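Engineer: model the structure of this input:
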Amino acid sequence: MFDFLHTFLYNNFKTLKKKIMAVPKKRTSKSKKNSRKATWKRKADKLAQKALSLSKSFLTGKTTSFIYTLNEEE
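Structural biologist: Numbers count the residues shown, from 1 in each chain. Next comes the predicted model:
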């Protein structure tokens, strides 16, 4: 009886564990939310600026940070 109960509880705990999600303890304040959002946007803008700069330098042929090889066989 104990083995059956132990196995039953163990198997159900494994399935329950998969379905449980992390829940925050307290609500995030507006200032904290806005701060995180601003950081994320600033990071995205910086990466977009870098990508644009790299593509411009690649198109003009003045690239120093992007290394590529040309296949002369083709």
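
Engineer: what number of residues lie near G61?
Structural biologist: Neighbour count for G61, taken as other Cβ atoms under 10 Å: 6. (Each C-beta comes from the backbone N, C-alpha and C, glycine too.)

Engineer: pLDDT weak spots in this protein?
Structural biologist: For the chain, applying pLDDT under 70 flags the ranges 1-2, 5, 11-21, 63-74.

Engineer: longest helix anywhere in it?
Structural biologist: The longest helix of the chain (DSSP state H) is helix 30-60.

Engineer: which strands or helices does it pack on?
Structural biologist: Packed against helix 30-60, as judged by 3 or more Cβ pairs under 8 Å, 6 or more residues apart in numbering; DSSP states H and E, are no other helices or strands.

Engineer: flag every buried residue along that helix.
Structural biologist: The neighbour-count check on helix 30-60 (16 or more other Cβ atoms under 10 Å) flags nothing as buried.

Engineer: mind checking the SS state of K62?
Structural biologist: In three-state terms, and counting by DSSP: H, G, I helix; E, B strand; the rest coil, K62 is coil.

Engineer: make 15 the starting number, not 1.
Structural biologist: Yes, from this point I'll number from 15; that puts the last item at K76.
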